[in-house]
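Student: the following comprises the amino acid sequence and a computationally predicted model.
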Amino acid sequence: MDNNNTMDLSQIPALQPPTGTVSNFIDPTNRGPTYVAVASIFLGLATVFVGVRLWARCIIQRSPWWDDLVCVIALLCQGAYCGLNMWLCLHGVGKHMWDVRALEFPPLIDPARAMADVTELSIGFTKLALLMFYYKLFWPNVATRIGSIVGMALIVPLYAILFFCFVFLDTAQTVPLNKGMAILNVLSDFYILILPITSVMQLHLERKKRLGLAALFSTGLFACIMSIVGAVYRFRFAEDGVDFTWGLLNVILVNTIECSIGIMCACLPLFPAVFGNPLLTMQWITTLRSLRNRLISSGSNRSRPSVNGYSRSKSNGEGDCFEMKPKNGPVDGKLHSASITATQTPASSAGSRGGIEVRKDFSVNSVDRMA
């Protein structure tokens with residue numbers, strides 16, 4: 001065989017360039033370093049946020065729960081996802097395929113498939129951590145509790161199925177799955193965004209505090225926007241993925257930002273417990289711990305209004321004495337004063353009467369004085 005006729009794959013592009021374009025193996029347009037920089041920043045921020053969450057839960061509040069573990073798993077999956085993408089960007093992803101040597105393209109296929117497998121784990125665990133956090137925080141609200149359970153019951157099996165499909169199916173067979181995953185991401189993101197806001201707006205809080213909490217939980221709106229952008233790129237990539245190395249970067253860049261923001265949103269409500277001043281810290285911890293007891297479903301602590309212009313004062317003791325006094329001066333030209341003696345009983349025996357059982361043999365003393 002004549003060696004002169006042997007093709008040198010190091011000088012042949014992985015894809016024939018368009019008409020009028022010349023392959024550039026020396027200094028081509030390369031967006032790979034941009035991804036490495038953006039992924040490093042967002043992954044670093046997500047790591048800091050998870051660290052703050054663990055500090056607040058384990059050290060300050062001393063109340064860790066399963067959602068903290070799920071959040072850590074999501075961060076580890078996100079780290080693996082970003083690591084694979086960075087390797088891909090250092091070996092050709094981010095360039096046009098006609099600027100990638102034919103010899104360099106085959107080694108990209110297996111890491112790209114592994115990256116696609118990790119995507120479902122990273123996104124799925126992030127959404128699961130958010131739903132578990134809402135489930136614990138808004139437990140007294142039946143609608144939000146059921147909504148969290150339904151969300152978890154749907155997200156866990158769906159993303160598990162997607163994971164195994166991407167592992168065992170051929171690349172050509174995963175094209176419809178990419179479109180389905182894009183739609184699932186958008187719908188689930190908006191579902192998770194709306195779920196806590198509806199509960200927060202029903203709390204018995206001042207309008208300013210309700211709006212503040214709603215704004216806090218609305219930070220996931222940016223993740224929803226990135227999810228929509230990611231869906232657009234997924235559809236484009238699935239329908240026209242000829243320039244593989246160039247189009248793939250758009251998808252992984254948006255997914256990296258979306259998932260990192262999701263992790264940060266799951267940790268953000270615990271930030272004031274660490275970085276706030278002592279007064280703000282105590283108020284925030286108290287707020288988070290008492291949100292479940294301040295929902296509409298718990299209305300047992302409503303204030304008792306005055307009756308017929310009289311206010312009631314209470315003296316502590318084994319027998320509680322309620323003294324009724326005129327709230328706005330004499331009534332009908334006379335000052336009426338009455339005292340009723342009552343005995344406290346356990347709430348279980350008093351039932352719905354608030355733990356106070358009035359004796360039948362009470363006495364009322366009234367003193368009338370002319371104005």
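Tutor: Looks like it arrived, so ask away. Numbers count the residues shown, from 1 in each chain.
Student: how about the strands in the protein?
Tutor: For the chain, the strands defined by DSSP state E occupy 310-315, 319-326, 338-344, 356-358.
Student: could you check the pLDDT of Leu9?
Tutor: Leu9 is assigned 68 on the pLDDT scale.
Student: what does Trp87 give?
Tutor: For Trp87, the predicted pLDDT is 94.
Student: for the nearest residue to it once chain neighbours are set aside, list the residues it contacts.
Tutor: Nearest residue to Trp87 in three dimensions, chain neighbours excluded: Pro111, at 6.1 Å (CB to CB, 6 or more residues apart in numbering). All C-beta atoms are positioned from the backbone trio N, CA, C, and that covers glycine. Counting by CB atoms under 8 Å, 6 or more residues apart in numbering, Pro111 touches 84, 87-88.
Student: ok, and the most crowded of these?
Tutor: When neighbours are counted by other CB atoms under 10 Å, Leu88 leads the contacts of Pro111 with 23 neighbours.
Student: that one contacts Asp110, doesn't it?
Tutor: No - Leu88 is not in contact with Asp110 according to CB atoms under 8 Å; the separation is 10.6 Å.
Student: how is the protein divided into domains?
Tutor: Domain assignment for the chain by automatic domain parsing gives 7-294, 310-358.
Student: mean pLDDT lowest where, among these?
Tutor: Of all the domains of the chain, domain 310-358 has the smallest average pLDDT, which comes to a mean of 42.
Student: quick revisit: can you say which of the domains of the chain is packed in most?
Tutor: A comparison of these by mean neighbour count, using mean count of other CB atoms under 10 Å, puts domain 7-294 on top with a mean of 18.
Student: ok, back up a step: ok, of the contacts of Pro111, which one's closest to Pro272?
Tutor: Leu84 (34.9 Å; CB to CB).
Student: what sits against the closest one?
Tutor: By CB under 8 Å, 6+ apart, the neighbours of Leu84 are 111, 114-115, 118.
Student: distance to Val186 added to the contacts of Pro111, as a markdown table?
Tutor: Below are these laid out as a markdown table (distance: CB to CB, whole Å):
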| residue | distance to Val186 |
| --- | --- |
| Leu84 | 24 |
| Trp87 | 28 |
| Leu88 | 25 |
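Student: so Cys224 touches Leu187, yeah?
Tutor: No - assessed by CB under 8 Å, Cys224 is found out of contact with Leu187, at 10.1 Å.
Student: can you tell me the closest non-neighbouring residue to Gly262?
Tutor: Nearest to Gly262 is Thr126, by CB to CB, 6+ apart, at 4.1 Å.
Student: cool, Val50 as well?
Tutor: Nearest non-adjacent residue to Val50, counting by CB to CB, 6+ apart: Leu75, 5.0 Å away.
Student: that neighbour contacts Gly51, correct?
Tutor: No - if you go by CB under 8 Å, Leu75 and Gly51 don't touch, sitting 9.4 Å apart.
Student: show me the contacts for Ser65.
Tutor: Rather than Ser, residue 65 is Trp. 57, 132, 136.
Student: list the contacts for the residue nearest to the second one when sequence neighbours are not counted?
Tutor: In this structure, Met132 finds its nearest non-sequential neighbour in Asp67, 3.7 Å apart by CB to CB, 6+ apart. Residues in contact with Asp67 (CB under 8 Å, 6+ apart) are 129, 132-133, 136, 266.
Student: export these as JSON lines, with columns for distance to Lys208.
Tutor: Formatted as JSON lines, the entries for the contacts of Asp67 read as follows, by distance: CB to CB, whole Å:
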{"residue": "Ala129", "distance to Lys208": "29"}
{"residue": "Met132", "distance to Lys208": "29"}
{"residue": "Phe133", "distance to Lys208": "24"}
{"residue": "Lys136", "distance to Lys208": "25"}
{"residue": "Ala266", "distance to Lys208": "25"}
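Student: of all these, which two lie farthest apart?
Tutor: Maximum distance among those (CB to CB): 12.0 Å, for Lys136 and Ala266.
Student: got the contact list for stretch 32-47?
Tutor: Against stretch 32-47 from outside (CB under 8 Å, 6+ apart): 75, 78-79, 82, 85-86, 88-90, 92-95, 249, 252-253, 256-257, 260-261, 263-264.
Student: quick one, helices of the protein?
Tutor: 32-54, 66-90, 109-137, 142-168, 175-200, 207-217, 221-239, 244-267, 272-275, 278-290, 347-350 (DSSP state H).
Student: identify whichever of those lies nearest to Arg101.
Tutor: helix 244-267 (11.3 Å).
Student: mind giving me the packing neighbours of the closest one?
Tutor: On a contact count with 3 or more CB pairs under 8 Å, 6 or more residues apart in numbering; DSSP states H and E, helix 244-267 meets helix 32-54, helix 66-90, helix 109-137, helix 175-200, helix 221-239.
Student: looking at the ones you listed, which is closest to Ala14?
Tutor: Ala14 lies closest to helix 109-137 among the helices and strands packed on helix 244-267, at 11.2 Å (CB to CB).
Student: what's the angle from the closest one to helix 142-168?
Tutor: With axes from the mean of the first three to the mean of the last three CA atoms, to 10 degrees applied, the angle from helix 109-137 to helix 142-168 works out at 170 degrees.
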